[in-house]
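Visitor: below is the structure, and that's it, no one-letter string:
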């Protein structure tokens, strides 16, 4: 059996799912096949994960091509991801095993800033490794976190903008939160405008003008409408060409 996912002692509650027009199907039984070892991190600080090979390939086109294509890793039962952070892979690994996106590793004292940073790191991992279902799940989890806690950390915008392109779903989502629910005064309280990526601030101003919104004034309307239309605005389905 694969290494069991660690218990989070009720810290990572399974959220009410966001309505999705194209909900992902459950993995077929045959993906629970050969167990492989994935070592994550540099040579002197590797963390090893045991994962079903078929399950990993099912949820990641990147790993599917690596393990089933013409790469040297094809057919291998051992992978070493030197440039991936182990904590980020842990979020992916836990989701593979449980269907839950947890940024806390069971620590209820995890700060909002750390949760947002872990989420952005997980999103960038999902984007690079073409794990589309996981990528959508990360977006869903961040929306649900914001809906429940009304906490955002704008200091993550530098990392996000450095690793994504214009019109990226996470960029659009963060901009929409800021334009629809935050005042510029609250931006300072949630990390400081001086910590924001300048392109992010520009996008917020542009989005506010396009939606004829004054930030924070229409917050209630934004939150009431966001869940209903979240799939249409932010989910992407590359296999079917839907976005």
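Guide: That came in fine, so what should we check first? Please read these numbers as outputs of a predicted model, since none were measured by experiment. Numbering: from 1, shown residues only.
Visitor: show me the strands in the protein, by range?
Guide: Along the chain, counting by DSSP state E, strands occupy 35-40, 47-52, 78-81.
Visitor: let me have the ones you listed in JSON lines, extended by mean neighbour count, distance to residue 88 and mean pLDDT.
Guide: Heads up, the C-betas are built off the backbone N, CA and C, glycines and all. Output for the strands of the chain, formatted as JSON lines (neighbours: other Cβ atoms under 10 Å; distance: least, Cβ to Cβ, whole Å; pLDDT from 0 to 100):
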{"stretch": "strand 35-40", "mean neighbour count": "19", "distance to residue 88": "8", "mean pLDDT": "95"}
{"stretch": "strand 47-52", "mean neighbour count": "17", "distance to residue 88": "11", "mean pLDDT": "96"}
{"stretch": "strand 78-81", "mean neighbour count": "16", "distance to residue 88": "10", "mean pLDDT": "92"}
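Visitor: got those as TSV, with distance to residue 121 columns?
Guide: Converted to TSV, the strands of the chain look like this (distance: least, Cβ to Cβ, whole Å):
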stretch	distance to residue 121
strand 35-40	13
strand 47-52	15
strand 78-81	14
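Visitor: to residue 117, which of those strands lies closest?
Guide: Set against residue 117 and scored by Cβ to Cβ, the strands of the chain come closest in strand 35-40, at 17.7 Å.
Visitor: the closest one - contacts with which helices or strands?
Guide: strand 47-52, helix 53-59, strand 78-81, helix 86-98 (3 or more Cβ pairs under 8 Å, 6 or more residues apart in numbering; DSSP states H and E).
Visitor: quick one: the longest one to strand 35-40, angle?
Guide: By that I understand helix 86-98. 150 degrees (axes from the mean of the first three to the mean of the last three Cα atoms, to 10 degrees).
Visitor: give me the average confidence score over helix 86-98.
Guide: The average of the pLDDT scores along helix 86-98 is 96.
Visitor: okay, buried residues for that helix please.
Guide: Using 16 or more other Cβ atoms under 10 Å as the test for burial, helix 86-98 gives 86-98.
Visitor: next: stretch 131-148.
Guide: Residues of stretch 131-148 classed as buried by neighbour count (16+ other Cβ under 10 Å): 131-146.
Visitor: ditto for stretch 162-174
Guide: Those would be 163-164, 168-174, for stretch 162-174 by 16+ other Cβ under 10 Å.
Visitor: so for that stretch, first residue to last residue, what's the gap.
Guide: End-to-end distance for stretch 162-174, by Cα to Cα, to the nearest Å: 14 Å.
Visitor: what mean pLDDT does it get?
Guide: Mean pLDDT, stretch 162-174: 94.
Visitor: ok, stretch 228-238 next?
Guide: Stretch 228-238 comes out at a mean pLDDT of 86.
Visitor: how far does that stretch sit from the chain's center?
Guide: Mean C-alpha position of stretch 228-238 versus that of the full chain (Cα atoms, centre = their mean, to the nearest Å) differs by 14 Å.
Visitor: ditto for stretch 80-94
Guide: That offset, for stretch 80-94, works out to 13 Å (Cα atoms, centre = their mean).
Visitor: now what about that stretch, what contacts it?
Guide: By Cβ atoms under 8 Å, 6 or more residues apart in numbering, the residues outside stretch 80-94 that reach it are 5-6, 8, 12, 38-43, 45-47, 49, 51, 100-103, 105, 118, 121-122, 125-126, 131, 134.
Visitor: the same query, at a cut-off of 6 Å, please.
Guide: Here stretch 80-94 makes contact (Cβ atoms under 6 Å, 6 or more residues apart in numbering) with 5, 39-42, 47, 49, 102, 121-122, 125.
Visitor: so which of the helices and strands packed on strand 35-40 is nearest residue 157?
Guide: It's helix 86-98; of those, that one is closest to residue 157 (Cβ to Cβ) at 18.0 Å.
Visitor: just for the chain, where's the confidence low?
Guide: The chain contains residues with pLDDT under 70 at 1-16, 70-75, 182-193, 211-222, 238-243.
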